[in-house]
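Participant: quick check, what structure comes out for this input:
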Amino acid sequence: MSATAVRTILVTGCSSGIGHHCALGLARRGWRVIASARKAEDVERLGREGLTAIRLDVDDSVSIREGVARTLELTDGRLDALFNNGAYGQPGAVEDLTRAVLRAQLETNLLGWHELTCQVIPIMRRQGHGRIVQNSSILGLVPLPYRGAYVASKYALEGLTDTLRLELRGSGIQVSMIEPGPISSRFRENAHRLIGHEEAQHLLDQLARRSPKLVENLLSSKALSLGVVLKVLQNLLAEQVSIRDLRTIAETLAERAPKSQDPVTLTAAVRVALSRSIVQDLLGPDDELPLIALDPMLEQLLHKSFQGSQGETIGIEPGLAERVQRSVADAARRQEAEGTPAILVVAPEIRPWIASWLRGAVRNLSVIAFTEIPDNRRIRVVATVGKNDGAPART
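Facilitator: I've put the predicted structure just below:
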């Protein structure tokens, strides 16, 4: 794809929620968005909002074929990305779910997505590139009572998507999956609250079926309690780090447990082990990693401050604290305007405290440690906070 070509994406389920938000956000970032919805009135409303909108119902094979054909007409035959998002949740106890109800849930949340994806893959193969993004759910990892139909659809989607990713390896087509929590509130504030002792034990029971010795060693009397494992999982989810690679998480915890029982220390070790997937989720396959950095003197000052307060508060002058937060927020907004994620890199010793301190002040900011940067990524510092007050750095 030409470096100057406008990127194109088809987004399903744009009438409201995640699909609507993402369609508008991508359009603002310069993407050619084809926003789809089931109902004609929603298609008309999306058009009035400035989006290129089409009708596409994932429950209808004819609608899927016509939607793809119309999309290609609008994009001159090219499609850089597909975001499968349109879905719904059928509540009810499992024992009350009829075959018809369960089939309807799977038709919308799984089978329609699969059919649409299969229509798009040949287009991306011809191009030699593309990205398929599946909007799964935290309930594709852990179940909740009375959500059996929805949980089943997301568990199935996870398995199908993981298999598709393996099959498309080397084709130039990237396959991604996101697992959001409650959308009525921000994920960072709520997703980790969905994981309790029962859900953590369920995840470990699943892992034990494949790696019984690993789980046995992890939860032995000489290793970790379930409560510590739970806290590490909650820490990861609080910063939008996927816990799907539970084997790597468990192996890292089992290895580090003899040296530390501290959830913060253990979370840091797990993040390093998951560093490639963390960066992959943030940036995709791009080789270059655009980073916001702290001026060394400011970083030293923050380090001493957090050490003196055991990380519970920040012991620097309030005015300076406010200026730092504002500078980071300004740098993050510039990155977002350029269509790239805002990533702040800091020393590993202070990363947890910096992330917690900035979470409420700077939206959509990811904080990583130097130790979490994969060896295969090139680094570009886009802003230095402290020395130049967040202005673009000389690189």
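
Participant: contacts only, for Ala342.
Facilitator: Contacts for Ala342 were tallied using C-beta atoms under 8 Å, 6 or more residues apart in numbering; they are 292, 331-333, 335-336, 362, 364-366. No exception for glycine: its C-beta is placed from N, CA and C like everyone else's.

Participant: among these, name the ones in strands.
Facilitator: 292, 365-366 (DSSP state E).

Participant: closest to His197 among the contacts of Ala342?
Facilitator: Ser366 (27.9 Å; C-beta to C-beta).

Participant: what pairs with the spatially most central residue of the chain across the strands?
Facilitator: Taking C-alpha atoms, centre = their mean, the centroid of the chain lies closest to Ile178, which sits 4.7 Å from it. Ile178 forms beta bridges with Asn135, as assigned by DSSP bridges.

Participant: please verify my assumption that it contacts Gly140.
Facilitator: No: at 10.1 Å, Ile178 does not count as touching Gly140 under the criterion of C-beta atoms under 8 Å.

Participant: setting aside sequence neighbours, what's the nearest residue to Val362?
Facilitator: Once flanking residues are discounted, Val362 sits nearest to Ala329: 4.7 Å by C-beta to C-beta, 6 or more residues apart in numbering.

Participant: could you list the low-confidence segments of this protein?
Facilitator: 1-4, 181-194, 221-223, 285-286, 307-316, 387-395 (pLDDT under 70).

Participant: show me where it has its strands.
Facilitator: Secondary structure of the chain (DSSP E): strands located at 8-11, 32-37, 52-55, 81-84, 130-135, 173-178, 288-294, 342-346, 365-369, 378-385.

Participant: adding distance to Ala93, write the ones you listed out as a markdown table.
Facilitator: Supplementary listing: those in a markdown table, determined by distance: least, C-beta to C-beta, whole Å:
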| stretch | distance to Ala93 |
| --- | --- |
| strand 8-11 | 33 |
| strand 32-37 | 31 |
| strand 52-55 | 34 |
| strand 81-84 | 28 |
| strand 130-135 | 25 |
| strand 173-178 | 28 |
| strand 288-294 | 47 |
| strand 342-346 | 43 |
| strand 365-369 | 38 |
| strand 378-385 | 51 |
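
Participant: to Ser63, which of these lies closest?
Facilitator: It is, among the strands of the chain and with distance given as C-beta to C-beta, strand 52-55, at 6.8 Å.

Participant: contacting residues around that closest one?
Facilitator: 14, 32-40, 42-44, 46-47, 63, 67, 70-71, 74.

Participant: what do you get for stretch 9-28?
Facilitator: So stretch 9-28 is contacted by 31-39, 42, 45-46, 49-51, 53, 56, 58, 67-68, 71, 79-87, 113, 116, 120, 135, 180, 183 (C-beta under 8 Å, 6+ apart).

Participant: with stretch 133-140 instead?
Facilitator: The contact list for stretch 133-140, computed with C-beta under 8 Å, 6+ apart, reads 18, 81-85, 87, 113, 147, 150-151, 154-155, 157-158, 161, 175-181, 191, 194, 237.

Participant: so what are the domain limits for the protein?
Facilitator: 8-180, 189-273, 286-385 (automatic domain parsing).

Participant: buried residues in stretch 43-55?
Facilitator: Across stretch 43-55, burial judged by 16 or more other C-beta atoms under 10 Å covers 43, 45-46, 51-55.

Participant: still on that earlier bit, among the contacts of stretch 9-28, name the buried ones.
Facilitator: 31-38, 42, 45-46, 51, 53, 56, 58, 67-68, 71, 79-87, 113, 116, 120, 135, 180.

Participant: and the ones in strands among the contacts of Ala342 as a markdown table, adding distance to Ala27?
Facilitator: Formatted as a markdown table, the ones in strands among the contacts of Ala342 follow (distance: C-beta to C-beta, whole Å):
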| residue | distance to Ala27 |
| --- | --- |
| Ile292 | 25 |
| Leu365 | 22 |
| Ser366 | 23 |
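
Participant: how about the helices in the stretch 201-350 of the chain?
Facilitator: 212-218, 226-238, 246-256, 263-273, 275-283, 296-308, 318-337 (DSSP state H, counting those that start in this stretch).

Participant: could I get the ones you listed as a markdown table with mean neighbour count?
Facilitator: Converted to a markdown table, the helices of the stretch 201-350 of the chain look like this (neighbours: other C-beta atoms under 10 Å):
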| stretch | mean neighbour count |
| --- | --- |
| helix 212-218 | 16 |
| helix 226-238 | 20 |
| helix 246-256 | 19 |
| helix 263-273 | 20 |
| helix 275-283 | 17 |
| helix 296-308 | 16 |
| helix 318-337 | 17 |
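
Participant: with distance to His202 added, can I get the ones you listed in CSV?
Facilitator: Shown next, in CSV, are the helices of the stretch 201-350 of the chain (distance: least, C-beta to C-beta, whole Å):
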stretch, distance to His202
helix 212-218, 12
helix 226-238, 11
helix 246-256, 11
helix 263-273, 19
helix 275-283, 22
helix 296-308, 35
helix 318-337, 36
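
Participant: quick one, which of those is nearest to Gln201?
Facilitator: Per C-beta to C-beta, nearest to Gln201 of these: helix 226-238, 6.3 Å.

Participant: so how far is that closest one from its chain's centroid?
Facilitator: 17 Å (C-alpha atoms, centre = their mean, to the nearest Å).

Participant: same for that helix, what does it pack against?
Facilitator: Applying 3 or more C-beta pairs under 8 Å, 6 or more residues apart in numbering; DSSP states H and E, we find helix 226-238 packed against helix 197-210, helix 246-256, helix 263-273.

Participant: against which helices or strands is the last one packed?
Facilitator: Read it as helix 263-273. Looks like helix 263-273 contacts helix 226-238, helix 246-256, helix 351-359, strand 365-369 (3+ C-beta pairs under 8 Å, 6+ apart).

Participant: for the first one, same thing?
Facilitator: Using 3+ C-beta pairs under 8 Å, 6+ apart as the contact criterion, the elements in contact with helix 197-210 are helix 212-218, helix 226-238, helix 246-256.

Participant: nearest to Gly170, of those?
Facilitator: Proximity to Gly170 (C-beta to C-beta) singles out helix 246-256 among those, at 22.9 Å.
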